[in-house]
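>>> would you be able to build a 3D model of this:
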Amino acid sequence: MINKIKKITLVVFVFSALIAGSAHAATQTEVDNVTGPAFGLNADQYETTLDSYKQQQEAELVAKEDAEIAALRESARGRSIGKFKAYAYSLDCDPSNITRAGTRPVVGKTIAADWSILPRGTRVRIGNSDTIYVVEDTGGNIKGRTIDIFMHNDSEARAHGIRYPELYIVEGDAKEAQQKIDEILARRAERQASQNQ
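This is a model prediction of the structure:
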């Protein structure tokens, strides 16, 4: 019986304390003392917190995209066909400005090759480069496992000299993977440009 009275007294005491407490509105400082300033941010603090959150979100998204790009690059590399002898040429060397395929040569795209080894239109990656070249030309000295890379001018071509890179044929899944990489990078550039405005 005494225990029951103690319990009832305790409940009444707590209830009256709650009623008395509700008549007193806590100040922001009192709330902050209990909860911390999480709900008491001023406008500058809010902007700084929001900017930090956005930067963290962007960093996480970029890391996720980079992991996806790394996986795609591995598949986009293409099928290795071994090492080729690589020369370079330019309009200074061949002023006709027309490839054997009937196109205008483009720096960063056009290469010459022996079409019995690399047929016209074959897409290749040279070494670790991300650039994909297209076989559009031939040449008198381009026989067997040899390529000639189109450059801006003769001095660039001479500086390139003779190299022996590994070549990768880019087709099917590798081509699609490269397109996906390009799309991811384009979306990222667009997203980051809009954030900087």
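>>> where along this structure do the helices fall?
Counting by DSSP state H, the chain forms helices over residues 2-22, 28-35, 43-76, 154-160, 173-195, given from the N-terminal end onward.
>>> contacts for the shortest one?
The set of residues that contact helix 154-160 without belonging to it, under Cβ atoms under 8 Å, 6 or more residues apart in numbering, is 86-90, 92-93, 149, 151. The C-beta positions use only the backbone N, C-alpha and C, and glycine is treated the same way.
>>> which positions in it come out as buried?
Within helix 154-160, the residues that count as buried by 16 or more other Cβ atoms under 10 Å are 156-157, 160.
>>> stretch 80-93 too?
Along stretch 80-93, these residues count as buried under the neighbour rule (16+ other Cβ under 10 Å): 84-91, 93.
>>> quick check: closest non-adjacent residue to Gly161.
The shortest distance from Gly161 to any residue that is not its chain neighbour, by Cβ to Cβ, 6 or more residues apart in numbering, is 7.7 Å, and that residue is Ala88.
>>> any idea how far the one you found is from Ala193?
In this view, Ala88 and Ala193 are 35 Å apart by Cβ to Cβ, to the nearest Å.
>>> and what of Thr103?
Distance of Thr103 to Ala193, computed by Cβ to Cβ: 33 Å.
>>> neighbour-wise, which of those two wins?
When Thr103 and Ala193 are compared for neighbours, Thr103 comes out ahead with 13 against 9, by other Cβ atoms under 10 Å.
>>> how many other residues sit next to the closest residue in space to that one that isn't next to it in sequence?
For Thr103, the nearest residue in space outside its immediate sequence neighbours is Glu136; the separation is 5.3 Å by Cβ to Cβ, 6+ apart. Each residue near Glu136 was counted by other Cβ under 10 Å, and the total is 23.
>>> quick one: pLDDT of Glu136?
The predicted structure scores Glu136 at 97 on the pLDDT scale.
>>> likewise the one 10 residues further on?
What the model reports for Thr146 is a pLDDT of 97.
>>> okay, the buried residues of helix 154-160 in CSV with distance to Trp115 next?
As requested, these are arranged in CSV below (distance: Cβ to Cβ, whole Å):
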residue, distance to Trp115
Glu156, 25
Ala157, 21
His160, 22
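>>> can you list the low-confidence ranges for the protein?
Low-confidence regions of the chain, defined by pLDDT under 70, span residues 1-47, 94.
>>> the same query, at a cut-off of 90, please.
1-59, 69-79, 91-97, 128-132, 139-141, 170-182, 189, 191-197 (pLDDT under 90).
>>> now for Glu65: which residues touch it?
Contact criterion Cβ under 8 Å, 6+ apart gives 184, 188 as the residues in contact with Glu65.
>>> from Thr49, how far out is the residue nearest to Arg123 when sequence neighbours are not counted?
Taking Cβ to Cβ, 6+ apart as the measure, Arg123 lies nearest to Val170, with 4.4 Å between them; neighbours along the chain are not counted. Using Cβ to Cβ, we find Val170 at a distance of 46 Å from Thr49.
>>> who's more crowded, those two?
Applying other Cβ under 10 Å to Val170 and Thr49 shows that Val170 carries more neighbours, namely 21 against 12.
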